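K.L.:
requesting a structural model of the entry that follows:
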Amino acid sequence: MRLRQIALVGHDLAAAEADIRAILGLDYAYDDPGVGKFGLKNAVFPIGETFLEVVSPKQDGTTAGRLLEKRGGDGGYMVILQVPEIKEARARIAAANVRVVEQADMHGGAVAMSHVHPRDVGGTILSLDFMNPWEHWEWGGPIWREHARTDVSTGIVGAELQGEDPAAMARRWGEVLGRTPEAQGQTWRLALDGGEIRFVRARDARGEGLGAFDVVVCDPNAVRAVAKARGRIDAQGVVTLAGTRVNLVQAA
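P.N.:
Just a heads-up that it's a prediction; the model follows:
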């Protein structure tokens, strides 16, 4: 089970896309027509073998639009994990008595996903996705490998969810994922293959949600310099993209 994609939501898709390209050093984004049925437009960026997505409402009454209002602006939207067996993943969802808000099986079952209700797990929308072959990623489009740059950013390795009771949220996610959370001080952690999900007490006034994600970069200082020039450094000196903190992890 691995963290494959993080989705953010923003009022201005073009502005968010420009910031992501400049700060994370990316040069390609896929416009997925499939999100149109949710009243959204998007851009999906490959970062190594992982993906960063930004969605933006193109009509009234969308889930994304309501989240923008609820949390007072741009922010985190979804955590997408890739699972080796979709039947087992769906069985865990059912056993945990979690509602499924969207489910699909495509290409004869070679692509399958289940979105679970954020109120039933806490924090954000969680999607469990299956791809055959494992290396495939439907949501990145057919030519993402030709455009995946790794000279500035090499991958997304973590997601950070905030709430009033991070321990309870971690336990709930653990039930759905079949993994046991570990306490690290005031933080709870669910280990994934090559990454992690952390659960922390809310550190701002925006309430429960996806507050941050971790990106491995070759030169954190260079990334911060570009972010500062674009006005995307917050008061604590943390890079922010689409209202979401970006923890910069030094590449090995």
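K.L.:
isn't there a helix covering Ile23?
P.N.:
Yes. Using DSSP: H, G, I helix; E, B strand; the rest coil, the assignment for Ile23 is a helix.
K.L.:
in contact with it: list those residues for me.
P.N.:
With contact taken as C-beta atoms under 8 Å, 6 or more residues apart in numbering, Ile23 is in contact with 223, 226-227, 230, 232, 239, 241. Yep, even glycine has a C-beta here, placed from its N, CA and C like the rest.
K.L.:
from these, which land in strands?
P.N.:
By the criterion of DSSP state E, membership of the contacts of Ile23 in strands covers 239, 241.
K.L.:
buried ones among the contacts of Ile23?
P.N.:
Among those, those buried by neighbour count (16 or more other C-beta atoms under 10 Å) are 223, 226-227, 232, 239, 241.
K.L.:
coming back round to it: from the contacts of Ile23, which is closest to Gly140?
P.N.:
The shortest approach to Gly140 among the contacts of Ile23 belongs to Leu241, at 18.2 Å (C-beta to C-beta).
K.L.:
need the strands for the stretch 151-252 of the chain, in chain order.
P.N.:
153-163, 182-184, 187-192, 195-201, 209-217, 239-241, 244-250 (DSSP state E, counting those that start in this stretch).
K.L.:
kindly reformat the ones you listed as JSON lines containing mean pLDDT.
P.N.:
Shown next, in JSON lines, are those (pLDDT from 0 to 100):
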{"stretch": "strand 153-163", "mean pLDDT": "97"}
{"stretch": "strand 182-184", "mean pLDDT": "95"}
{"stretch": "strand 187-192", "mean pLDDT": "97"}
{"stretch": "strand 195-201", "mean pLDDT": "97"}
{"stretch": "strand 209-217", "mean pLDDT": "97"}
{"stretch": "strand 239-241", "mean pLDDT": "97"}
{"stretch": "strand 244-250", "mean pLDDT": "97"}
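K.L.:
of all those strands, which lies closest to Gly76?
P.N.:
strand 209-217 (2.5 Å).
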